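Visitor: predicted model, plus sequence, below.
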Amino acid sequence: MLSEADRKTAAGLLIEAQRSVTPTEQLDIRFPGIAIADSYAIQRETLAARLAQGARLRGHKIGLTSKAMQATAGISEPDYGYLLDDMFHADGESIAVERYIAPRVEVELAFVLSRPLRGPGATLFDVLDATAYVQPALELIDGRSRYPRRIVDNIADNAAAAGVVLGGRVIRPLELDLRRVGALLYRNAVIEESGVAAAVLGHPAMGVAWLANKLAQHGTELEAGHVILAGSFTRTVAVAAGDTIHADYGELGGIAVYFS
C-alpha cells in the first residue's frame, strides 16, 4: 500500500500527463508495491482535483466486463472510472486527435438514470427500474501512463476513460431486449469490429448493478441524471487524424465522428 503522499504524487503525474499530452512512467514502476486499492484512491484524487478546477461529474464508465479481458488484466471483476462534463462530444462532431496520447474507441450502451441507484444489493431489475432511457454510445479511451501497463495503472488512470459520444435512438429500458442489441464499428467505411451487448456480463444492465454495489463500499450512489457507460461489447479500435468512425446499431440508429 502507498502512503497518502505517494497517492497524491501519482495523481499529479496523471493530471500533468493529460495536460501535456505526454504519457508518464507506469505507476507500478514508479511506485513498487502499488495495489488496486491505491489505484482507486489515486483515481479519486484526480477526480477531486478536476472538480476543484470547475469540472462537473456527469456519470461513470465500467470497463473490462468480459471474462477474456479480465483474465488478460489479471483480475476477476470489472473496473470503473468517472465521466466529466468536458468529456462529452456530440454525434457528428470533429474531435481533435492532438488532445489525446493514444486514442481508441469502443462500442457501448449508455444508461441514463431517472432516480438515484444505490447498493449494496442492487440488481438488474433495480437498474432497469431506475433508468430513464438507454442509448448508443462510443467511448473514447486513452492512456496517460505508458503502455504496456498493468491493471493498477489502468484503474488509477480513470480506467482509461477520455471521452463519450452519445447518439442514435433513445429507448426505454424495457422497449427492447438489451442483450440482443448489436453494432458494427466502421473506420473509414471498413468494418473493424462487431459485437452484441450480451457480451457485457450477460446483460449490459448487470454492469450498472455491479457499479452501484461497488460504489456503495465508499458511501457513494449513482445519481439521477448520471450517464453510465455499461461496458464495451467490441474490442478497441485505434484512431488517427483523418479517420471517420461510424457505429451502426441497427434499429437504434448510429453514431459518427471525425478525428481531425
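Guide: Here it is on my side, so go on. Numbers count the residues shown, from 1 in each chain.
Visitor: mind listing the strands for the protein?
Guide: For the chain, strands defined by DSSP state E occupy the ranges 57-63, 79-84, 88-90, 94-95, 104-113, 131-141, 161-166, 182-187, 190-196, 227-229, 237-238, 244-248, 254-259.
Visitor: wait, which of those is closest to Arg50?
Guide: Closest of the strands of the chain to Arg50 is strand 79-84, at 6.0 Å (criterion: CB to CB). All C-beta spots, glycine's among them, are computed from the backbone N, C-alpha and C.
Visitor: before we move on, back to that, wait, which of the strands of the chain is closest to Lys214?
Guide: That would be strand 79-84 among the strands of the chain, by CB to CB, at 6.7 Å.
Visitor: ok so, going back, mean neighbour count, distance to Glu45 and mean pLDDT added to the strands of the chain, as JSON lines?
Guide: Output for the strands of the chain, formatted as JSON lines (neighbours: other CB atoms under 10 Å; distance: least, CB to CB, whole Å; pLDDT from 0 to 100):
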{"stretch": "strand 57-63", "mean neighbour count": "23", "distance to Glu45": "15", "mean pLDDT": "95"}
{"stretch": "strand 79-84", "mean neighbour count": "23", "distance to Glu45": "12", "mean pLDDT": "96"}
{"stretch": "strand 88-90", "mean neighbour count": "15", "distance to Glu45": "23", "mean pLDDT": "97"}
{"stretch": "strand 94-95", "mean neighbour count": "16", "distance to Glu45": "27", "mean pLDDT": "98"}
{"stretch": "strand 104-113", "mean neighbour count": "25", "distance to Glu45": "25", "mean pLDDT": "97"}
{"stretch": "strand 131-141", "mean neighbour count": "23", "distance to Glu45": "20", "mean pLDDT": "98"}
{"stretch": "strand 161-166", "mean neighbour count": "22", "distance to Glu45": "16", "mean pLDDT": "98"}
{"stretch": "strand 182-187", "mean neighbour count": "20", "distance to Glu45": "33", "mean pLDDT": "97"}
{"stretch": "strand 190-196", "mean neighbour count": "14", "distance to Glu45": "33", "mean pLDDT": "96"}
{"stretch": "strand 227-229", "mean neighbour count": "26", "distance to Glu45": "22", "mean pLDDT": "98"}
{"stretch": "strand 237-238", "mean neighbour count": "15", "distance to Glu45": "29", "mean pLDDT": "96"}
{"stretch": "strand 244-248", "mean neighbour count": "20", "distance to Glu45": "32", "mean pLDDT": "98"}
{"stretch": "strand 254-259", "mean neighbour count": "20", "distance to Glu45": "30", "mean pLDDT": "98"}
